[in-house]
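Participant: Here is the input, now give the coordinates:
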Amino acid sequence: MADLLDQMRRNPQGNWTLTDVQKVCDQNDVTCKAPSGGGGSHYKVSHPHMTYILTVPFWRPIKPVYVRALVGFISIVRELP
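Facilitator: I've put the predicted structure just below:
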């Protein structure tokens, strides 16, 4: 069975949820933080060796553009030394 990241790569239009995003982040040692404060709705995806922080809105399902961005982000993290 293919891992979750490969499934997202093959089908970014799938019915992906924030739980899936958090799971794929956990599997790849990437941080996925919930919005802080009062009115935020975007989760922050980051890695200590990356300067870029990806924001993923809490829409259901998550739009394909954000799934593609997440796949690209994690692909870069996987290539880090």
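Participant: Next, please give the residue ranges for the helices of this protein.
Facilitator: In order along the chain, the chain carries the following helices (DSSP state H): 4-10, 18-27, 64-79.
Participant: same for the shortest one, what does it pack against?
Facilitator: The one in question is helix 4-10. Here helix 4-10 touches helix 18-27, helix 64-79, going by 3 or more CB pairs under 8 Å, 6 or more residues apart in numbering; DSSP states H and E. C-betas here are computed from N, CA, C, even on glycine.
Participant: any chance of the ones you listed in TSV, with distance to residue 58 and mean neighbour count too?
Facilitator: Rendered in TSV, the data for the helices and strands packed on helix 4-10 read as follows (distance: least, CB to CB, whole Å; neighbours: other CB atoms under 10 Å):
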stretch	distance to residue 58	mean neighbour count
helix 18-27	6	17
helix 64-79	10	16
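Participant: right, so of those helices, which gets closest to residue 8?
Facilitator: The closest approach between residue 8 and any of those, judged by CB to CB, belongs to helix 64-79 at 5.4 Å.
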